[in-house]
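using only what follows, build the 3D model:
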Amino acid sequence: MKFVLKLSILSSILILSIGCGDETTEPSGDYKAVITNVSNDVILKTYEDLFNKTESFVTTLNTLYISPTGLNLDAARQAWRDARVPWEQSEGFLFGPVDQKGIDPSIDSWPVNQPDLEAVLNSPNALTKTYIDGLDGTLKGFHTLEFLLFGPTGNKDISTFTPRQIEYLKACAESLHGATQELYFSWTPEQQNYVDNLLKAGEPGNSVYPSQKSVLQEFVNGMISIADEVANGKINDPLVQQNVSFEESRFSANSKQDFADNIRSIRNAYLGTFNTSSGLGLSSVISANNVALDVKVRQHIDAAINAIEAIPGTFTTAIFNDKSSVEYAQEQVRALQAVLESEVLPLISNL
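Just a heads-up that it's a prediction; the model follows:
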């Protein structure tokens, strides 16, 4: 369901890009410093963090496999949440290998195919990483792991886990780590070096990004895409349908964290920051051309994050008991999306 939504969003972005002018024309300024920092210190650092945190997650699942205790289950659940952060903070730039290689479904397909999952658990098949790698996306990745770790109601007790379920968790975590490794290695200079396409934008022979402007447009379109998905998919569907089955990350009660981190992915690329690193971001391009717009974008980003985090309780309970707070958060994300679409993208396209 989420994968279908992303395809529709990507189609919308293609339509937006058609009206963005001639991408083969170089911008009037030189934006290599911005592109370099966002590529190296935001995108690459995010994927590296994701790779490292899924590796730590695998370690906790190995421990749980050897010693299935409540404390080890708690550690595995926290490791899942920790790994979830850089993934959600990467969704503002879901372009390149994650899309072209079809890596996304192996990491974050949703909803979980519970009937088929039960069938696999009840089968005699050996539950190895290789076997899990070959399964459909709805039987692996973050959300299958979430369902197995937390249970349908979010409070599954360690005493109710079967050896087969823990075996599946271990292999599924290894499969997730493998997918994040493929993503990270696709970008890093020491491996497949996709990042070089961005760093050498506009240079002769670069068919991926024929101009620096085309990279900046890619950045903005990524921001628009995730704002649209959060406001009009992740928040909207469970809220309008009044149905928790449409809510992502409900088993772990992690939905609000997911949504806020999605908007942080916009902030990271816009400001050129990630964790403790900081440098030039898209903000420097916007402020050089329109100071007021730069201030406006920053305010909208902060307002969206704050509104999401201010939703009382869990998102599951809020869609029934605090609809106004959920609607307000949705309005703030939509306002951010609108300014990115109607003001930021045209400015970049007219450079």
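
quick one: the nearest residue to residue 151 once chain neighbours are set aside from residue 304, how far?
Distances taken as Cβ to Cβ, 6 or more residues apart in numbering put residue 251 closest to residue 151, at 6.8 Å, once the chain neighbours are dropped. Backbone N, C-alpha and C define where each C-beta goes, glycine included. Residue 251 is 25 Å from residue 304, where distance means Cβ to Cβ, to the nearest Å.

okay, these two: which has more neighbours?
residue 304 (29 against 23; other Cβ atoms under 10 Å).

show the contacting residues for the more buried one.
Taking Cβ atoms under 8 Å, 6 or more residues apart in numbering, we find residue 304 in contact with 227, 263, 329, 332, 333, 335, 336.

quick check, the first one in contact with residue 336.
When you say that, I think you mean residue 227. Yes: if you go by Cβ atoms under 8 Å, residue 227 and residue 336 touch, sitting 5.3 Å apart.

overlap of the contact sets of the two?
263, 266, 304.

now go through those and say which are in helices.
Taking DSSP state H, the ones among the shared contacts of residue 227 and residue 336 that sit in helices are 263, 266, 304.

list just the nearest of those residues to residue 344.
residue 266 (10.5 Å; Cβ to Cβ).

coming back round to it: out of the contacts of residue 304, who has the most neighbours?
residue 263 (32 neighbours).

outside of stretch 245-257, which residues touch it?
1-2, 77, 80-81, 84-85, 88, 110-111, 143, 146-147, 149-154, 234, 237-238, 244, 258, 308-309, 311, 314-316, 319.

next, the buried residues of that stretch.
Buried positions in stretch 245-257, judged by neighbour count with 16 or more other Cβ atoms under 10 Å: 246, 247, 248, 249, 250, 251, 252, 253, 254, 255, 256, 257.

what about the chain, which residue is the most distant from its middle?
residue 124 (34.1 Å; Cα atoms, centre = their mean).

host element of it?
In the assignment (DSSP states H and E), residue 124 maps to no helix and no strand.

can you check residue 169 too?
Per DSSP H and E: helix 163-187 holds residue 169.

and the following helix or strand past that helix, what does it pack against?
Going down the chain from helix 163-187, the next helix or strand is helix 195-199, by DSSP H and E. Counting contacts by 3 or more Cβ pairs under 8 Å, 6 or more residues apart in numbering; DSSP states H and E, helix 195-199 is packed against helix 32-37.

if you go through the stretch 251-351 of the chain in chain order, where are the helices?
255-271, 282-289, 291-309, 315-321, 323-339, 345-349 (DSSP state H, counting those that start in this stretch).

so of those, which one's packed in deepest?
helix 255-271 (a mean of 25; mean count of other Cβ atoms under 10 Å).

pull the distance from that helix to the chain's centre.
Taking Cα atoms, centre = their mean, to the nearest Å, one finds helix 255-271 lying 9 Å from the centre of the chain it belongs to.

just stretch 60-71 next, same as before
Using Cα atoms, centre = their mean, the offset of stretch 60-71 from its chain centre is 27 Å.

that one - what's its average pLDDT?
Averaged over stretch 60-71, pLDDT sits at 98.

repeat that for stretch 95-107.
Mean predicted lDDT for stretch 95-107 stands at 97.

quick one: buried residues of that stretch?
Applying 16+ other Cβ under 10 Å to stretch 95-107 flags 95, 96, 97, 98, 103, 104, 105, 106, 107 as buried.

likewise stretch 77-88?
Quick answer for stretch 77-88 (16+ other Cβ under 10 Å): 77, 79, 80, 81, 82, 83, 84, 85, 86, 87, 88.

then stretch 105-119?
105, 106, 107, 108, 109, 110, 111, 112, 113, 117.

ok, and what's touching it?
1-3, 87, 133, 136-144, 146-147, 175-176, 179-180, 183, 245, 248.

ok, residue 242 - how many residues close by?
Neighbours of residue 242 using other Cβ under 10 Å come to 10.

before we move on, the earlier item: reformat the helices of the stretch 251-351 of the chain as a markdown table; add distance to residue 164.
Formatted as a markdown table, these follow (distance: least, Cβ to Cβ, whole Å):
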| stretch | distance to residue 164 |
| --- | --- |
| helix 255-271 | 28 |
| helix 282-289 | 48 |
| helix 291-309 | 37 |
| helix 315-321 | 28 |
| helix 323-339 | 38 |
| helix 345-349 | 50 |
